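J.: sequence and predicted structure, then a few things I'm wondering about:
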Amino acid sequence: MSLSRRMFVTGVSAAALAAPAIMGRAQGSDKIKFVSILDQSGGLDIYGAPMVETTKMAIDDINAAGGLLGREVELTIYDAQSNIQLYTQYATQAAAGDKADTVHAGITSASREAIRATLARFQTLYFYNVQYEGGVCDMNNFCIGSTPAQTVAKVVPYVMKKWGKKVYIVAADYNYGQITAQWMQKFVKDNSGETLDVEFFPLDVTNFGPTIQKIQAAKPDLVISALVGGAHVSFYKQYAAAGLNKDIPVASTTFGVGNEQTMISSEEGEGLIAAYSYFEAVDNPTNKDFLARLDARLGAGRPVMNELSIRSYEGAMLWAEAVKAAGTTERMAVTEALRAPQTYNGPSGPVTIDAQTNHAVQNVYIAEVKNQKFEVLESFEAQPPADTMLVCDLVANPNQNAFLFENGLKAAGIDI
Amino acid sequence: MDQIAALLLQLVYGVANLALISMGLAIIFGMMRVINLAHGEFLMLGGYTVVVATNNGVNLWFAMLILAPLVVGLIGVIVERLLIRWLYGRMVDTLLATWGLSLLLIGIVTSVFGASTATTISAPLGVIRIGGYSSSGYDLFLLGVTLALGLAIYAVLKLTKLGLVARGTMQNAEMAGALGVSTSRIYMITFGLGAAVSGLAGGLLAPVTGVLPTIGATYIAKAFITVISGGASILAGTAAGSVLLGLINGVFSFLAGPTFGEVALLVAAIVLLRLMPRGITGRFFRKSL
């Protein structure tokens, strides 16, 4: 498809009539275009604002090292304002108007699904750099955040061994929470534990009183949370206010990506366990260097880094490495270079593309909150996206294009 | 038995929680007929006052009980002078103006403090035990404060000259003006008081909820539903609305989960307004305050 377009362009350029238009285009494409669409304002800004900072840093780092293919990379940032409609609008603008070479966009799964089809249609390479529930299978879309088989599968057995077999699950009431809760139940069952109850909360619930009483009545050994957003921070505060955090410990797959550990006091958060592909406390020289440069760049008030913000940086870098390897920004060549597979050694450790799913093989860390900071307890190297691998095979079937866990884990033959 | 007691406490607390977040709106919307879409942001500003003050070493109680209502009350007075006073009697215009104000306040707080602010406050007063169940002592304190706040508003409106003049002005501003009352000043004071009550509520909730620039959005709908369901009487209306909706929400949350709790609250409000378009106090307790 792209080849025929290039031949078409070459053919037309032979005609002297079209020469001015072609020259205009050549000047326009002098810079490589990198578009970022993230929520810098509205309810999701606790996630989006730090991601924008690290994206800027990545592009500055690329340009400071001489750009790509001898050209400068130009960053365009659109603020989707926590509004799905704006995602669709800006994705169209990025692909059709800006003729972006790559688009890195989306925080919620809803925003990703709103623009994935658009970017595929316009043949614009799309990176989704966020931890999510797994299941996207799309040649044009690289999802490099951690998925439940990487994080939930590690943290559930860890906390069950530490605290006990009876589990109570609380989760946000939209697709991430619903699907992640199913993964949690599966891994609890796989580790011969028992899920006592699962409760879902609309995103604007701030009074968790009735649930806290129900948890006390059910007497679980531990609570696992996939609560999301600012209102749900209230859960951890009210749970501690009722004194439960001392009796029934909490683990989470969402606590921390909005830097929640700084939004509740140290006594409220102490001992909470979470699993991600990155924590600031990850011990490697690349990470130390990255944090030092971030300190120099943003000063003392800089946001705490977490998986979302670090993966935005690494996503941009992974793409840049692939462009270098391909020697062009052309979409299919870069896609093939990424799937070769490409590896980027970032602050979180090596991130390698898995060609079967266009997801990432990555390190996973389990960490505990100590005095409003995460301390790493255990690391797991090179974890594959085993959940998405159950349902997606882009090597065998490159035309697969769907979000396969949209209706839960039945797609993977898992019954909850 | 102890579970029932613990649950009852939670139900009553849920009711008090609704009343607390609605009372400021009841004054501004119920009494002054100003549709204040920035109500959630007044609560948020109360929370931020507490977080910022405690981060700078101010005592938590002083920050919650004195600073939060003072700061937000002052902001309310400024807002009334600059914005609201030009719009009395133009309900749709106040709706638009306060919506804009809400966005402006979120924007200002975000640009000053960032998308989230680190805090070290947690609920004071420890844990109370009811048999095998534990609840937060702070919940009990909030219950008490909500009652006291209701009584204080009642006393101000019913027993003081200011209250009498304010109620008179809201009923018939021209007549009050003809009797020598500076209605513009009364409007300013009433709006400021409404804002202060919201600020106090926001401040008191700061230790048990997340404090973020956008947190107002989670309160605004419930506050409006409570006040509108309650009807025209400020106190009796808010109390009746909170009791009815808070109990329904609490019971359904406990029996069927929080999603159904929210749904049941909305369904109850819709049915109620279909049967009683003027709210509960439009039909019952009509002479109450």
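T.: All right, it came through fine.

J.: stretch A:401-411: which residues count as buried?
T.: When burial is assessed from 16 or more other CB atoms under 10 Å in any protein chain shown, stretch A:401-411 yields the following buried residues: A:Asn401, A:Phe403, A:Leu404, A:Phe405, A:Gly408, A:Leu409, A:Ala411. Backbone N, C-alpha and C define where each C-beta goes, glycine included.

J.: near chain A, which residues of the stretch 1-150 of chain B?
T.: Residues of the stretch 1-150 of chain B that fall close to chain A, judged by CB under 8 Å from any CB of the partner chain: B:3, B:6-7, B:10-11, B:13-14, B:17, B:107, B:110, B:114-123, B:126-127, B:132-136, B:138-139.

J.: what bits of the chain have low per-residue confidence?
T.: With no chain named, the answer covers chain A. Along chain A, segments meeting pLDDT under 70 span A:1-29.

J.: wrong one, I was asking about chain B
T.: With pLDDT under 70 as the threshold, chain B has low-confidence stretches at B:1.

J.: now the strands for it?
T.: When assigned using DSSP state E, the strands of chain B occupy the ranges B:127-130, B:133-136.

J.: one more: the stretch 51-200 of chain A?
T.: A:73-79, A:102-105, A:125-128, A:136-138, A:141-143, A:166-172, A:194-201 (DSSP state E, counting those that start in this stretch).

J.: now do the buried residues in the first one.
T.: To tie it back to what came earlier, the one meant is strand A:73-79. Residues of strand A:73-79 classed as buried under the neighbour-count rule (16+ other CB under 10 Å) are A:Val73, A:Glu74, A:Leu75, A:Tyr78, A:Asp79.

J.: and what of the fourth one?
T.: Applying a neighbour-count criterion of 16+ other CB under 10 Å, the buried positions in strand A:136-138 are A:Val136, A:Cys137, A:Asp138.

J.: may I have the beta-bridge partners of the last one?
T.: Judged by DSSP bridges, the bridge partners of A:Asp138 are A:Asn401.

J.: what do you get for the one 5 residues further on?
T.: Counting by DSSP bridges, A:Cys143 forms beta bridges with A:Tyr128, A:His359.

J.: that one and B:Val267, how far apart?
T.: A:Cys143 sits at a distance of 38 Å from B:Val267 (criterion: CB to CB, to the nearest Å).

J.: neighbour count winner among those two?
T.: The neighbour count for A:Cys143 versus B:Val267, taken as other CB atoms under 10 Å in any protein chain shown, is higher for A:Cys143 (28 against 13).

J.: who's in contact with that one?
T.: A:Cys143 makes contacts with A:Arg112, A:Tyr128, A:Val130, A:Tyr132, A:Val136, A:Thr357, A:Asn358, A:His359, A:Ala360, A:Thr388, as judged by CB atoms under 8 Å, 6 or more residues apart in numbering or on different chains.

J.: what residues does residue 275 make contact with?
T.: Defaulting to chain A. Applying CB under 8 Å, 6+ apart, the residues contacting A:Ala275 are A:Thr151, A:Val152, A:Lys154, A:Val155, A:Tyr158, A:Thr253, A:Val364, A:Tyr365, A:Ile366, A:Ala367.

J.: just the contacts of A:Cys143 now: which is nearest A:Gln342?
T.: Within the set of those, A:Ala360 lies nearest A:Gln342; the separation is 10.0 Å, counting by CB to CB.

J.: phi first, then psi, for the nearest residue to the closest one once chain neighbours are set aside.
T.: Spatial nearest neighbour of A:Ala360, chain neighbours left out: A:Ile144 (4.0 Å); criterion: CB to CB, 6 or more residues apart in numbering or on different chains. Phi and psi for A:Ile144, reported as degrees, to the nearest 10, are phi -100, psi 10.

J.: A:Ile144 reaches A:Gln131, doesn't it?
T.: No. The criterion here is CB atoms under 8 Å, and A:Ile144 misses it with A:Gln131 at 9.6 Å.

J.: more neighbours: which of the two?
T.: When A:Ile144 and A:Gln131 are compared for neighbours, A:Ile144 comes out ahead with 29 against 26, by other CB under 10 Å.

J.: give the contact list for that one.
T.: When contacts are counted by CB under 8 Å, 6+ apart, A:Ile144 is found next to A:Phe127, A:Tyr128, A:Asn129, A:Arg311, A:Glu314, A:Gly315, A:Leu318, A:Val351, A:Ile353, A:His359, A:Ala360, A:Gln362.

J.: change it to 10 Å
T.: A:104, A:127-131, A:277, A:311-312, A:314-315, A:318-319, A:338, A:344, A:351-354, A:358-362, A:385 (CB atoms under 10 Å, 6 or more residues apart in numbering or on different chains).

J.: again, but for B:Ala232
T.: B:Ala232 sits in contact with B:Ala26, B:Gly30, B:Met31, B:Arg33, B:Arg278, B:Gly279, B:Ile280, B:Thr281, B:Gly282, B:Arg286, B:Ser288, where contact means CB under 10 Å, 6+ apart.

J.: give the PyMOL command for selecting the buried subset of the residues you listed.
T.: Of the contacts of B:Ala232, the buried ones can be selected in PyMOL as follows, counting by 16+ other CB under 10 Å:
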select buried, chain B and resi 26+30+31+279+280+281+282+288
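
J.: tabulate the contacts of B:Ala232 (a markdown table), appending distance to A:Asp415.
T.: Below are the contacts of B:Ala232 laid out as a markdown table (distance: CB to CB, whole Å):
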| residue | distance to A:Asp415 |
| --- | --- |
| B:Ala26 | 50 |
| B:Gly30 | 52 |
| B:Met31 | 57 |
| B:Arg33 | 56 |
| B:Arg278 | 52 |
| B:Gly279 | 48 |
| B:Ile280 | 47 |
| B:Thr281 | 52 |
| B:Gly282 | 52 |
| B:Arg286 | 57 |
| B:Ser288 | 56 |
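
J.: take the contacts of B:Ala232 and keep only those in helices.
T.: Counted as lying in helices by DSSP state H, out of these, are B:Ile280, B:Thr281, B:Gly282.
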